[in-house]
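>>> Next input, structure requested:
(one chain, ligands or ions: 2)
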Amino acid sequence: MGNCYPKFEKNIPNTTKTKKNVIIKEEEPKSSQGQIVTPRLKEFTYAELRSATKNFRPATILGEGGFGQVFKGWVDGVTYVPTKPGFGIPVAVKKSDSDSFQGLKEWQAEVEFLGKFSHPNVVKLLGYCWEDKAFLLVYEYMQRGSLENHLFKKGTEPLSWETRIKIATGAAKGLAFMHTTENKVIYRDFKTSNILLDGDFNAKLSDFGLAKLGPINGESHVSTMIVGTYGYAAPEYMITGHLYVKSDVYGFGVVMLEMITGLRVLDPNRPTSQINLVDWARPFLTDIKKLRRIMDPRLEQDYPSKGAIMAGELIIDCLDLNPNQRPSMEQVVLSLDEINSIKMKPRRLKGTPKRLMNPHQKQYPGDNRREKQCPSPIYIKNT
Ligand SMILES: Nc1ncnc2c1ncn2[C@@H]1O[C@H](COP(=O)(O)OP(=O)(O)O)[C@@H](O)[C@H]1O
Ligand SMILES: [Mg+2]
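Ligands and ions are numbered 1, 2, ... in the order given. Coordinates of the predicted model:
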């Protein structure tokens, strides 16, 4: 088998071919930062990817999701031929051995969408492989891994307020780009494990397995089988299967709430009334005194009150039960820019020596207040 890409190349919109079957046109600049480009993906052999990852050695595993495991590998920066570790460029190789129909569909969606998106906040797909029952994808390597790990994994450096806002802004820009391409694309699985970070904490969206073309002909939504992740999926979608572009905005609100509280959206280890973070935190979000009580203690109160309350209000807007009342992702980006412009006022604590009052001083003493790592939200991808 090996080469399956041409099978669904015809489904990629805005592709024009010559008689020789060569794609000649696909440039369609839309957003100021991103564009739809001609997919130039390398077709890897299984043997090449096995060699690049040292036979998919467990020590090279970067993460795991619903589709399969992701390994770190090394390839030549120009030819993408496998190299020794430390030579050429690092890549991330996602591998599924399953021949499930859902696995194949997710693999196809990733190749179809990621292959043609070029945006600083969307992870770059370098190539793919499909041999027998194995589907693989090869991406640019994201040095700092997922936002999920930084927020919830034990032993990670706490993220500062500024870094959290930077990450939220990057992820929001990625979503805004998808929502404003000519054929609107709905991401459908926005969550912390699908937001990856480069060495400078720039956020990029990955895992486009559930991405879906948005409504056309003036329709408000598309009707689909319900897939996604509990906690992040918008209520209207969970109940009716009606998927709106604004269903992604709900997921964004959930992630922002996790980012400011440092808590997972669903955690069965919390007291019953607090298991669902959205339900529990909602009344705390618009009053700064209440909000302070649920802000992530790892921030050590090092955030501007005005910025925090604006973030709380933005989250409330994103979590509106009526999708039409939610802001667009472009509006979300503007709000985040405003939040980012609010700087910390120096805190004058009684009796605190002056030299310790620098509000931007980052002191993260060994934080022992973190609870044990919580289980992942219930996964409903395969329903
Ligand atoms: N390009 C990458 N660079 C670094 N780590 C990655 C990369 N892609 C995925 N990962 C890690 O693997 C995890 C699962 O990847 P993901 O694409 O979400 O897989 P799935 O489709 O199985 O959910 C991510 O949460 C992240 O920790
Ligand atoms: Mg994932």
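
>>> which residues sit in contact with the nearest residue in space to Val265 that is not next to it in sequence?
By the measure of Cβ to Cβ, 6 or more residues apart in numbering, the closest residue to Val265 outside its immediate chain neighbours is Gly231, 3.7 Å from it. Where you see a C-beta, it was placed from the backbone N, CA and C, and this is true even at glycine. By Cβ atoms under 8 Å, 6 or more residues apart in numbering, the residues touching Gly231 are 191, 254, 264-266, 276-278, 377-378.

>>> ok but Gly231 is inside a strand, no?
No: counting by DSSP: H, G, I helix; E, B strand; the rest coil, Gly231 falls outside a strand, being coil.

>>> From the contacts of Gly231, pick the one nearest ligand 1.
Relative to ligand 1, the closest of the contacts of Gly231 is Lys191; by Cβ to the nearest ligand atom it sits at 8.7 Å.

>>> Quick check on the nearest residue to that closest one once chain neighbours are set aside: phi, psi?
Distance criterion Cβ to Cβ, 6+ apart; nearest residue to Lys191, sequence neighbours excluded, is Tyr232 at 4.7 Å. Backbone torsions for Tyr232, taken as degrees, to the nearest 10, come to phi -100, psi -30.

>>> and Tyr232, how many residues sit next to it?
Using other Cβ atoms under 10 Å, Tyr232 has 25 neighbouring residues.

>>> That one against Ser193, yeah?
No: if you go by Cβ atoms under 8 Å, Tyr232 and Ser193 don't touch, sitting 10.1 Å apart.

>>> picking that back up, which ones are touching the residue nearest to Lys191?
Going by Cβ under 8 Å, 6+ apart, Tyr232 touches 189-191, 250-251, 254-255, 265, 377.

>>> Glu162 too?
Taking Cβ under 8 Å, 6+ apart, we find Glu162 in contact with Asn340.

>>> Which residue is the nearest non-sequential neighbour of Leu277?
Residue nearest to Leu277 in three dimensions, not counting chain neighbours: Val265, with 4.8 Å by Cβ to Cβ, 6+ apart.

>>> Just give me the neighbour total for that neighbour.
Applying other Cβ under 10 Å, I find that Val265 has 23 neighbouring residues.

>>> Using neighbour counts, trim the contacts of Gly231 to the buried set.
Burial by neighbour count, 16 or more other Cβ atoms under 10 Å: within the contacts of Gly231 this picks out 191, 254, 264-266, 276-278, 377.

>>> So for those residues, which is the shakiest by pLDDT?
pLDDT across these is lowest for Pro377, at 35.

>>> Now the residue of the stretch 201-350 of the chain found nearest ligand 2: closest residue in space that isn't a chain neighbour?
Closest approach between the stretch 201-350 of the chain and ligand 2, counting by Cβ to the ion: Asp207, at 3.8 Å. Closest residue to Asp207 apart from its sequence neighbours, by Cβ to Cβ, 6+ apart: Asn194 at 4.3 Å.

>>> What of Ala211?
Distances taken as Cβ to Cβ, 6+ apart place Phe113 nearest to Ala211, at 4.7 Å, with adjacent residues excluded.

>>> Quick check: pLDDT value at the one you found.
On pLDDT, Phe113 comes in at 94.

>>> for Asp189, same thing?
pLDDT, read off for Asp189, is 96.

>>> For the closest residue in space to Arg164 that isn't next to it in sequence, list the residues it contacts.
Among residues not flanking Arg164 along the chain, Met259 sits closest, at 5.0 Å (Cβ to Cβ, 6+ apart). Residues counted as contacts of Met259 (Cβ under 8 Å, 6+ apart) are 147, 151, 159, 164, 167-168, 192.

>>> quick one: which of those sit in helices?
Among those, the residues falling in helices (DSSP state H) are 147, 151, 164, 167-168.

>>> how many other residues sit next to the one residue in the chain that gets nearest to ligand 2?
With Cβ to the ion as the measure, Gly65 is the residue of the chain nearest to ligand 2, at 3.4 Å. As a burial measure, Gly65 scores 21 neighbours (other Cβ under 10 Å).

>>> Pro215 too?
For Pro215, the count of nearby residues is 17 (other Cβ under 10 Å).

>>> Quick one: mean pLDDT over the helix or strand containing Gly307.
Per DSSP states H and E: Gly307 is located in helix 305-318. Averaged over helix 305-318, pLDDT sits at 98.

>>> Keeping just the C-alphas, turn the helix or strand following it into PDB.
Sequence-wise, the next helix or strand downstream of helix 305-318 (DSSP H and E) is helix 329-341. Taking Å, rounded to 0.1, in the frame of the first residue of the first chain, the C-alpha atoms of helix 329-341 are listed here in PDB:
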ATOM      1  CA  MET A 329     -12.100  34.200  18.400                       C
ATOM      2  CA  GLU A 330     -11.000  37.400  16.700                       C
ATOM      3  CA  GLN A 331     -12.700  39.300  19.500                       C
ATOM      4  CA  VAL A 332     -11.100  37.000  22.000                       C
ATOM      5  CA  VAL A 333      -7.600  37.900  20.600                       C
ATOM      6  CA  LEU A 334      -8.400  41.600  21.000                       C
ATOM      7  CA  SER A 335      -9.500  41.100  24.600                       C
ATOM      8  CA  LEU A 336      -6.300  39.100  25.400                       C
ATOM      9  CA  ASP A 337      -4.200  41.900  23.800                       C
ATOM     10  CA  GLU A 338      -5.900  44.300  26.200                       C
ATOM     11  CA  ILE A 339      -5.300  42.000  29.200                       C
ATOM     12  CA  ASN A 340      -1.700  41.600  28.200                       C
ATOM     13  CA  SER A 341      -1.300  45.400  28.200                       C
END
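
>>> With that, I have no additional questions.
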